[in-house]
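No sequence on hand, only this structure:
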């Protein structure tokens, strides 16, 4: 079983910046991690992981990333932070319990690489569809 340790993920900037998600809490089958960068608690990125087995002989693994957009306004000379919106990404994988570890790892790795593919990034970042 993996340790409940920090998860470090790089962003897509020309010089990638690591985002460190520190374990925050575990409730049921959901582990929550928070990126504590920044002074505004409502503006912190959160990542959740869950893993559950169903009666259908499947293991369901879910990764959810929520990234708020923090806006700082000056009101009467006082800086006030707010979160007008946020982006969210959710990846779900369903792994048959009859699969070998190698088969499951291939499914997860191919899916993760697919999320980084230029076609997928273009759809999300620029609204470009495949037509």
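Sure, I can see it. Computed from a predicted model, the values in this text were never measured in an experiment. Numbers count the residues shown, from 1 in each chain.

hey, where'd the helices end up in this protein?
With DSSP state H as the criterion, the chain has helices at 101-115, 118-126.

I'd like to know how many residues surround residue 44.
Counted with other C-beta atoms under 10 Å, the neighbours of residue 44 add up to 19. C-beta coordinates here come from the backbone N, C-alpha and C atoms, glycine included.

How about the one 10 residues further on?
By the measure other C-beta under 10 Å, the count of residues near residue 54 is 10.

got a list of what it touches?
Counting by C-beta atoms under 8 Å, 6 or more residues apart in numbering, residue 54 touches residue 60.

hmm, try it at 10 Å
60, 94, 97 (C-beta atoms under 10 Å, 6 or more residues apart in numbering).

my read: residue 24 touches residue 48, true?
Yes: at 9.3 Å, residue 24 and residue 48 qualify as touching, with contact defined as C-beta atoms under 10 Å.

if we can go back for a sec, worst average pLDDT in the helices of the chain?
Note on the helices of the chain: helix 118-126 shows the lowest mean pLDDT, a mean of 89.

which outside residues touch that helix?
12, 87, 89, 113, 114, 115, 117, 128, 129, 130.

ok, the most far-flung residue of the chain relative to its centre to residue 39 distance?
Within the chain, the residue lying farthest from the chain centre (C-alpha atoms, centre = their mean) is residue 76, at 36.4 Å. For residue 76, the distance to residue 39 (C-beta to C-beta, to the nearest Å) stands at 20 Å.

Next up, the contacts around the closest residue in space to residue 5 that isn't next to it in sequence.
Excluding its sequence neighbours, the residue lying closest to residue 5 (C-beta to C-beta, 6 or more residues apart in numbering) is residue 23, at 7.0 Å. Going by C-beta under 10 Å, 6+ apart, residue 23 touches 3, 4, 5, 6, 7, 31, 32, 33, 34.

Next: residue 25.
Going by C-beta under 10 Å, 6+ apart, residue 25 touches 31, 32, 33, 34, 48.
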